[in-house]
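Student: Next come a sequence and a model predicted from it.
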Amino acid sequence: MAVRTTRVGDDRVGGDRVGIDYDDEARVWLLRTPGTAYAVACPPEVTVHRQQLPDVLLHVYWGAPVTLADAVQIATVQRSRWSRRGFESPLDGAEEYPVAGGLRFARPALAARFAGDVRSVEWRLTGSSATHDAGAHELTLEFADAYFPLAVAVHYRIQAGTDVIERWVTATNTGSAVIELDRVDSAAWTLPEWDSYRLSHLIGRWGAETQLRRQELTEGTFTTGSRRGITSHHANPWFALDDGTATEQAGSVYSGALAWSGSWEFAAQRLAQGGMQVLGGLGHTDFGPYRLAAGESLDTPVFAGLYTSDGFGAASRGWHEYTLRHVLANADTNRPVLYNSWEATGFDVNEQNQMALAAKAARIGCELFVMDDGWFGSRVHDHAGLGDWRVNPDRFPNGLTPLIDEVHRLGMDFGIWVEPEMVNPDSDLYREHPDWVYHFPERTRHQMRNQLVLNLARLDVADWMFTQLDNLLSDNDIRFVKWDMNRVFTEPGWPSNADNPARLWTDHVHNLYGVLDRLRAAHPDVAFESCSGGGGRIDLGILARTDQVWTSDNTDGPDRLIIQDGYSQLYPARAMSCWVTDVPNFLDPRTVPLRYRFHAAMAGVLGVGGDLSEWSDAELDEAAELIAQYKKVRSIVQHGRLYRLRAPSDGLSAVQYVTRDRTQAVVLAYLGAQRFGQRPPVLRLAGLDPTARYRASGFDVEFTGAALHTFGLPVRLQGDYDSVLVHLTRVDD
Ligand code: DGJ
C-alpha cells in the first residue's frame with residue numbers, strides 16, 4: 001500500500017531547526033532535534049535468509065546531526081553488513097520495535113497471543129503521518145498484523161527546544177476476540193556499535209533512594225525495574241549508556257527515562273553478535289497478560305530518549321530543560337519554603353501544637369505550613385483511620401478553619417498530608433467496603449505498615465477518592481497537598497474482574513493520574529507533592545501532575561547529598577523537596593551542623609522539618625538568616641542550569657547553578673572531613689561567561705569567568721561538615 005508522510009522540514013521552533021524529513025524511495029524518516037538526529041527505515045525490500053520480508057522497521061541512526069541523504073546511505077550500508085550465517089538473524093538488535101515472532105531471537109518489545117495460542121506478530125505498514133502542532137513534531141508509523149486484528153502505531157514526538165525524543169506505542173484490538181499482550185514496551189532504543197558499554201542507573205531502598213551506579217555491561221541482558229505497583233525506592237526508570245570513557249564534561253551519552261508511576265521494566269540487551277538495545281515499558285515480567293478487549297486500545301507511557309555529546313552533565317541539563325519545559329506544570333514559578341510537622345509531632349497533631357509550630361515556622365521565614373499525618377478519622381497511630389478523610393473532632397473541635405486562619409494570620413499558606421490510595425483495616429471505610437482492596441479471596445490479606453492498598457483500578461474507588469479530596473479542598477483553604485503512598489502491592493487480585501485481573505497494574509496508575517488531573521483542574525491554586533515513604537514515586541509520569549516530589553525520608557546532610565546527586569542525573573532541582581531536620585533524628589544518629597543541613601537542603605526546594613519547639617533562639621535566628629539568603633538565590637537554584645562540580649565524597653563536593661543569561665550563579669560547597677595536612681582543593685566552576693567578570697559573595701576580589709573555570713574559586717572550608725553558599729553576580733562595566 002502507498003505510504004504517505006507529510007514532509008515537515010526546516011521549521012524553526014524557538015530558533016531551533018527541527019523537523020521530520022522523509023525519503024519516499026528508501027522509506028527513511030529522519031527526525032531532527034536542535035542538536036541531534038534520529039532515523040528509522042521501513043525499506044521496500046528486506047531479505048533475510050533468502051526470504052523477502054515485508055515492512056520491517058529498522059533502526060538507522062541516533063546521534064549528532066546528519067542529513068537525510070546520510071541517513072538513506074547509512075540504511076543501505078547497514079544492511080550490506082548483515083550476517084548471512086545460518087544460526088543468526090540480522091533482525092536481532094537492528095529493529096526499531098522488535099515484535100515476537102518470525103526470524104527473531106532477541107528480546108521483543110511486543111509479545112502477543114492470538115486465537116489458537118498463536119504467538120507471533122507479522123505486520124504490514126499501513127500508513128504514516130508527520131504532523132506539526134504547537135511546537136511539537138510527531139511521527140506516527142502505523143502497522144497492522146497481516147492476519148489477526150492487531151494494529152500497532154509507533155509514535156515519535158520532538159518537543160520545542162529539546163533534544164529529547166519521546167516514544168510510545170498504541171496497540172489496538174480491531175477485531176472481536178480478546179488479544180493477550182504478554183509484553184508491550186514503549187520503545188526499544190538502539191545504540192551505535194561500540195567496543196564496550198557502561199550502564200549508569202539508579203538503585204536504592206527506603207531512606208537511600210536514587211543511588212547512582214555505573215557498571216560495564218557484557219553480553220547478555222541486564223534487567224531492572226519495579227514489581228511493586230509503584231516506581232519504587234529500589235530502582236528509578238532512567239538509564240544512561242556510554243562507552244566507558246564519558247565524563248561529567250565530555251563524551252557521548254545515550255539516556256532514557258520512562259514516564260510511568262507503576263511497575264516497570266528495562267532490559268539492556270547486549271547481543272553476542274554485536275549491538276545494544278534498551279527496551280522498556282510498563283509492567284513486569286509475569287504480571288499476567290494484558291487482555292486487550294475487542295475495540296480497545298492501550299497507549300503505553302512515553303519512554304523518552306536523549307543523546308548528548310558533552311558528557312553526563314550535559315545529559316542531565318538536557319533532561320532538566322525538558323522536564324521544566326514540557327513535563328512540570330507551572331515550572332516558571334518559584335516553590336515556597338515550607339515547614340512540615342511530621343518529625344516534630346508525628347501522629348500527635350492537634351490545633352494547639354500545630355499553631356505553636358506555625359508561629360515558629362513563620363518566625364524563621366517559612367511561607368507554607370504543612371500539617372502531616374494524624375489529623376483525620378481515628379488516625380492517632382499507624383494502626384487505624386486511613387481511608388476516613390474526616391477531620392478528627394477531638395483534635396480539631398472546630399474543624400481545620402481556626403488553624404488555617406492562624407496560619408494565614410502568620411503570613412503563610414496552609415498545606416495538608418493525605419494518603420488516598422490506602423486503608424487501615426481498622427477504619428470505617430474498610431468495614432463498609434472490605435472488597436475495595438486488592439486481594440485474592442483464598443489468600444491472606446498481608447498488611448504492611450498495618451495497611452492495605454485500595455483497588456484504584458476500580459472506577460467507583462477512583463470516584464470516591466476524587467470526591468473525598470475535592471470536598472477537603474473545597475471546604476478548606478488548602479494550597480498544598482502532600483500525596484503519600486506507603487505500601488506496595490501484594491496479593492494483586494481483583495475478584496470482580498476475574499477475566500482480566502492484570503489490568504490492575506496499569507489501571508491503578510491511569511486512575512491515579514485521572515484523579516490528580518481532575519483535582520488539579522478543579523483546584524488550580526493547589527500544588528501537589530508526590531511522596532511515597534520518601535522517594536518511592538519519582539518519575540516523569542507523576543511529575544507531569546505534581547509540582548514537587550519528596551526526595552527521601554532521610555534528611556541527614558551527607559547522605560542527602562548522595563541521594564540528590566543521583567536524583568539530579570535526570571530530575572530538576574525545581575521539583576526536589578528537601579527539609580532541614582533535627583540531629584540526630586529518627587533515622588540517623590549523625591550530628592551535622594545546622595548550616596550544613598541548610599546548605600544541603602538549599603540545593604533544591606528548601607523546607608524545614610525539625611521540631612522547632614526544641615530549637616534555641618540562636619538556632620531559630622540562624623535558620624531565619626539562611627532562609628532569607630535562600631530566598632535571594634532560589635530562582636537561580638530552582639530554574640538555573642545545574643553543574644555538578646564535584647560528586648559527593650568524604651572530601652570536597654559542590655554543585656553550581658547558573659542562570660540562563662549567565663549573569664548569576666550559586667555555588668554550594670560541602671566538606672565531609674578534612675584530613676591532616678590536606679588543603680581542600682580549589683573549586684573549578686563551569687558554565688559562566690569566560691569573558692565576563694563576576695563578584696563572588698564572601699570574596700573581596702572579582703574574577704573573570706575564565707579564571708573561575710580554569711583556576712577556580714578558593715573556597716575556604718575546614719574541619720568536619722563545613723559548607724558554604726557563594727552567590728556570583730556578573731559585574732557590568
Ligand atoms: C511517609 C512520609 O515519607 C513521611 O514524610 C510522612 O509523611 C509519613 N509517611 C507520615 O505517615
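Tutor: On my side now, so go ahead.

Student: alpha carbons only for contacts and neighbour counts from here, please
Tutor: OK.

Student: now the residue in the stretch 351-500 of the chain that the ligand sits nearest to: how far from K482?
Tutor: The nearest approach of the stretch 351-500 of the chain to the ligand comes at D373, 4.9 Å away (C-alpha to the nearest ligand atom). Applying C-alpha to C-alpha, to the nearest Å, one obtains 10 Å for the distance of D373 from K482.

Student: swap in V715?
Tutor: Counting by C-alpha to C-alpha, the gap from V715 to K482 is 37 Å.

Student: Looking at those two, which is more packed in?
Tutor: Remark: of V715 and K482, K482 carries more neighbours, 25 against 20, as counted by other C-alpha atoms under 10 Å.

Student: The more buried one against G533, yeah?
Tutor: No. In this structure, K482 is not within contact of G533 by C-alpha atoms under 8 Å, at 11.3 Å.

Student: Can stretch 470-483 be said to contact the ligand?
Tutor: No. Against the ligand, stretch 470-483 shows no contacts by C-alpha under 6 Å from any ligand atom, the least distance being 7.7 Å.

Student: Any buried residues in that stretch, and which?
Tutor: D470, L472, L473, D477, I478, R479, F480, V481, K482, W483 (16 or more other C-alpha atoms under 10 Å).

Student: okay, among those, which ones form the most distant pair?
Tutor: Farthest pair in these (C-alpha to C-alpha) is D477 and W483. Separation: 16.9 Å.

Student: Quote the end-to-end distance of stretch 32-47.
Tutor: 29 Å.

Student: for stretch 522-533, same thing?
Tutor: First-to-last residue span, stretch 522-533, C-alpha to C-alpha: 27 Å.

Student: Neighbours of the residue of the stretch 601-733 of the chain found nearest the ligand, how many?
Tutor: At 9.1 Å from the ligand, G609 is the closest residue in the stretch 601-733 of the chain, using C-alpha to the nearest ligand atom. Residues within reach of G609, counting by other C-alpha under 10 Å, total 20.

Student: Kindly report the same for V583.
Tutor: Neighbourhood size, V583 [other C-alpha under 10 Å]: 19.

Student: What residues does it make contact with?
Tutor: By C-alpha atoms under 8 Å, 6 or more residues apart in numbering, the contact list for V583 reads D556, P589, R590, T591, V592.

Student: before we move on, the earlier item: mind listing the shared neighbours of D373 and K482?
Tutor: W417, V418.

Student: Give me the most central residue, the chain.
Tutor: D539 (2.3 Å; C-alpha atoms, centre = their mean).

Student: which ones are touching that one?
Tutor: D539 touches T231, N236, P237, L258, A259, W260, S261, counting by C-alpha under 8 Å, 6+ apart.

Student: Model confidence for the closest residue to the last one other than its chain neighbours, exactly?
Tutor: With sequence-adjacent residues excluded and distances taken as C-alpha to C-alpha, 6 or more residues apart in numbering, S261 is closest to T231, at 4.9 Å. Among the per-residue scores, T231 holds a pLDDT of 98.

Student: One more: V3?
Tutor: 52.

Student: roughly how far apart are whatever residue of the stretch 1-150 of the chain ends up closest to the ligand and V99?
Tutor: Per C-alpha to the nearest ligand atom, A109 is where the stretch 1-150 of the chain lies closest to the ligand, at 34.6 Å. Applying C-alpha to C-alpha, the value for A109 to V99 is 6 Å.

Student: any low-confidence regions in this structure?
Tutor: 1-16 (pLDDT under 70).

Student: Show me what from it comes close to the ligand.
Tutor: W342, D372, D373, C531, S532, G533, G534, D553.

Student: was I right about the fourth one contacting M485?
Tutor: Yes. Using C-alpha under 8 Å, C531 is in contact with M485, at 6.4 Å.

Student: Compare those two (neighbour count), which wins?
Tutor: C531 (25 against 21).

Student: Tell me who's in contact with that one.
Tutor: Contacts of C531 by C-alpha under 8 Å, 6+ apart are K482, W483, D484, M485, R537, I538, V549, W550, T551.

Student: I'd assumed R597 was in contact with the residue of the stretch 601-733 of the chain closest to the ligand.
Tutor: No. G609 is beyond contact range of R597, at 11.3 Å (criterion: C-alpha under 8 Å).

Student: List the residues that contact the residue of the stretch 351-500 of the chain closest to the ligand.
Tutor: Neighbours of D373 in contact, by C-alpha under 8 Å, 6+ apart: W342, G346, F347, V349, R379, W417, V418.

Student: What number of residues are in the vicinity of the fourth one?
Tutor: The burial metric for V349, expressed as a neighbour count using other C-alpha under 10 Å, is 23.

Student: now it: how far from I158?
Tutor: Applying C-alpha to C-alpha, the value for V349 to I158 is 48 Å.

Student: Relative to the whole chain's centre, how far out is the lengthiest helix in the chain?
Tutor: Criterion DSSP state H: the longest helix present in the chain is helix 617-639. Put simply, helix 617-639 sits 27 Å off its chain's centre (C-alpha atoms, centre = their mean, to the nearest Å).

Student: Next, the buried residues of that helix.
Tutor: In helix 617-639, counting by 16+ other C-alpha under 10 Å, buried: 620, 622-624, 626-627, 630-631, 633-639.

Student: Which strands and helices lie in contact with whichever strand or helix holds D463?
Tutor: In this assignment (DSSP states H and E), D463 forms part of helix 459-475. Contacts defined by 3 or more C-alpha pairs under 8 Å, 6 or more residues apart in numbering; DSSP states H and E place helix 459-475 against helix 503-522.

Student: neighbouring contacts of the helix it packs on?
Tutor: 229, 260-263, 282-283, 290-291, 455-459, 462-463, 465-466, 469-470, 492, 494, 526, 542, 545.

Student: give me that answer again for 7 Å
Tutor: Contact with helix 503-522 is made by G229, S261, G262, S263, G283, Y290, L456, A457, A462, F466, D470, R545, as judged by C-alpha atoms under 7 Å, 6 or more residues apart in numbering.

Student: ok, of the residues you listed, which one's closest to E138?
Tutor: When those are ranked by distance to E138 (C-alpha to C-alpha), R545 comes first, at 22.4 Å.

Student: Now do the same contact list for the closest one.
Tutor: Counting by C-alpha under 7 Å, 6+ apart, R545 has contacts L516, D517.

Student: Not counting sequence-adjacent ones, nearest residue to R379?
Tutor: G385 (4.4 Å).

Student: Give me the neighbour count for that neighbour.
Tutor: G385 has 27 neighbours, counted by other C-alpha under 10 Å.

Student: what comes up buried for stretch 679-698?
Tutor: Burial within stretch 679-698, assessed by neighbour count using 16+ other C-alpha under 10 Å, is assigned to 680, 683-690, 692-696.

Student: swap in stretch 380-390?
Tutor: V380, H383, A384, G385, L386, G387, D388, W389.

Student: what's the helix or strand for the last one?
Tutor: Assignment of secondary structure by DSSP H and E places W389 within no helix or strand.

Student: check contacts around the nearest residue to P192 once chain neighbours are set aside.
Tutor: With sequence-adjacent residues excluded and distances taken as C-alpha to C-alpha, 6+ apart, P192 is closest to G275, at 6.9 Å. G275 makes contact with G93, L191, P192, E193 under the criterion C-alpha under 7 Å, 6+ apart.

Student: Now list the buried members of the residues you listed.
Tutor: G93, L191.
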